[in-house]
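Make a model of this:
(one chain, ligands or ions: 2)
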Amino acid sequence: MSRLRGLASTLDDPLLVTNPTNIRYLAGLDSSNAVLLVEPGGGTTLYTDFRYAEAARTVPDVTFVETRRDVVGELATLLAGRRIAIEAEHLTVARFEALARGGVELVPTRGVVMARRAVKDADELEVLRRAARVSDRVFAELAREQFTGRTERELAWWVERRLREEGATGIAFGVVVAAGARAASPHADPGDRIIEPGTLVVVDAGCVVDGYCSDCTRTFATGELPPSLASAYDLCLRAQLDGLAAVRPGTHGRDVDAASRVAVDEAGLGEAYGHGLGHGVGLEVHEAPVLRPESEDVLQPGNVVTVEPGIYLPGVGGVRIEDLVVVTDDGCERLTTFTKELTTVE
Ligand code: ZN
Ligand code: ZN
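Ligands and ions are numbered 1, 2, ... in the order given. Just a heads-up that it's a prediction; the model follows:
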């Protein structure tokens, strides 16, 4: 069944899809100014302006209507008097008001298309595997690079360039290279500080291949470590392996997250692990399902998630270890395979 027909069969009200990533997923159209109206039981209309008309005409299983640049303004007239479900997490207040003023009855919904995106089909998994392999190759090469004496920014650019040279069409997010005390901030921007010997360097990088993202973190040692960082690394790896072991269908996101915290809490470092265990990855680098203390999501085969605990010691340093995995029928399979043994670099 096509993605559009699959979605249509689950709807109560016609759904106005305004999130461009959801439109890309459902119709294969990459447009900054398109709207899909999916009718329950089938029949989809694609609205976009002249700039995307040629591409829109090639989209299968939709009726294409060319609109002026203000697509939603025109829809306010076209849909007047109808009851229409909207993507509450995406439609702006201004667009909501324009539709309401036109006389459209609006029903907010959340995560309808995302729930479908969360379960990857075989073709999507193949692309995600390729994206992860690009990451793997670059991390393997990175382990042979000189770290000390270079800045975080220099190394981050090296990673970005190599990801692109290895086949990525882009990066999934700004590459994180955080050394020494700066590694105590989970999302530190790479800075102009020189990487020193005898510390940990967190490298978090993801690339985009055929529209799909990879996401991987490894933490490298630049020589002999102070005992607090050496034990933080071991503890983070324990937490990561415990998290991986808990990933299986039918498990709640919050329970997978909890499994990764047992050893960290026992070591008295619960406070140092201040973020969730992981997130879904696909067309976007943060999507459903999520592995967090408050997550109600239930894992299903075909979900692709990260497993990425971190230990952050203010003023000292930090460690995070992240794999991208696909949920299988009885557990999970790692897509990122570069070693997690502590790797010492020059
Ligand atoms: Zn990451
Ligand atoms: Zn991540």
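
ok, now which ones touch the residue in the stretch 101-250 of the chain that ligand 2 sits nearest to?
Ranking the residues of the stretch 101-250 of the chain by distance to ligand 2 (CB to the ion) places Asp215 first, at 4.2 Å. No exception for glycine: its C-beta is placed from N, CA and C like everyone else's. Contact analysis of Asp215 by CB atoms under 8 Å, 6 or more residues apart in numbering lists 135, 172-173, 204, 206, 281, 285, 306, 322, 324.

Quick one: buried ones out of the residues you listed?
135, 172, 204, 206, 281, 285, 306, 322, 324 (16 or more other CB atoms under 10 Å).

restrict those to contacts with ligand 2.
When CB under 5 Å from the ion is applied, the members of the buried ones among the contacts of Asp215 adjacent to ligand 2 are Thr306.

Mind checking which of the buried ones among the contacts of Asp215 land in helices?
Assigned to helices by DSSP state H, the following of these qualify: Ser135.

Nearest to Ala258, out of the buried ones among the contacts of Asp215: which one, please.
Thr306 (16.5 Å; CB to CB).

That closest one touches Gly278, doesn't it?
Yes. Contact criterion CB atoms under 8 Å: Thr306 and Gly278 qualify, at 4.0 Å.

hey, what's in contact with both of the two?
With contacts taken as CB under 8 Å, 6+ apart, the residues that reach both Thr306 and Gly278 are 291, 322.

From start to finish, how long is stretch 140-147 in a straight line?
As for stretch 140-147, its first-to-last residue distance stands at 14 Å under the measure CA to CA, to the nearest Å.

residues making contact with it?
Residues contacting stretch 140-147 (CB under 8 Å, 6+ apart): 155, 158-159, 162, 179, 195, 201, 203, 220, 222, 338, 343, 345-346.

Up against ligand 2, what does the protein have?
Neighbours of ligand 2 within the chain, by CB under 5 Å from the ion: 215, 306.

what domains does the record give for the chain?
3-117, 122-344 (automatic domain parsing).

roughly how far is the shortest one from the heart of the chain?
Spelled out, it's domain 3-117. Computed by CA atoms, centre = their mean, to the nearest Å, the chain-centroid distance of domain 3-117 equals 23 Å.

got a list of what Val175 touches?
Val175 makes contact with 156-157, 159-160, 190, 203-205, according to CB under 8 Å, 6+ apart.

Where does pLDDT dip in the stretch 1-150 of the chain?
Per-residue confidence for the stretch 1-150 of the chain (pLDDT under 70) gives these ranges: 1.

Okay, strands next: where are they in it?
Assigned by DSSP state E, counting those that start in this stretch, the strands in the stretch 1-150 of the chain fall at 15-17, 34-38, 44-48, 63-66, 83-87, 105-109.

Now do the second one: which elements does it pack against?
Here strand 34-38 is seen to pack against helix 3-8, strand 15-17, helix 20-27, strand 44-48, helix 71-78 when contacts are counted using 3 or more CB pairs under 8 Å, 6 or more residues apart in numbering; DSSP states H and E.

mind listing what it pairs with, with the direction of each?
Sheet pairing of strand 34-38 (DSSP bridges) gives strand 15-17 (antiparallel), strand 44-48 (antiparallel).

which one of those strands lies closest to Gly270?
strand 15-17 (40.7 Å).

what's the closest one in contact with?
7, 23, 26, 35-38, 75, 79, 84-87, 91, 109, 112-113.

any idea how far Gly167 is from Arg133?
Separation of Arg133 from Gly167 (CB to CB, to the nearest Å) stands at 9 Å.

of the two, who's got more company?
Arg133 (17 against 14; other CB atoms under 10 Å).

list the contacts for the residue nearest to Gly180 when sequence neighbours are not counted?
Excluding its sequence neighbours, the residue lying closest to Gly180 (CB to CB, 6 or more residues apart in numbering) is Thr199, at 4.5 Å. Neighbouring residues of Thr199 by CB under 8 Å, 6+ apart: 179-180, 183, 221-223, 225, 229, 317.
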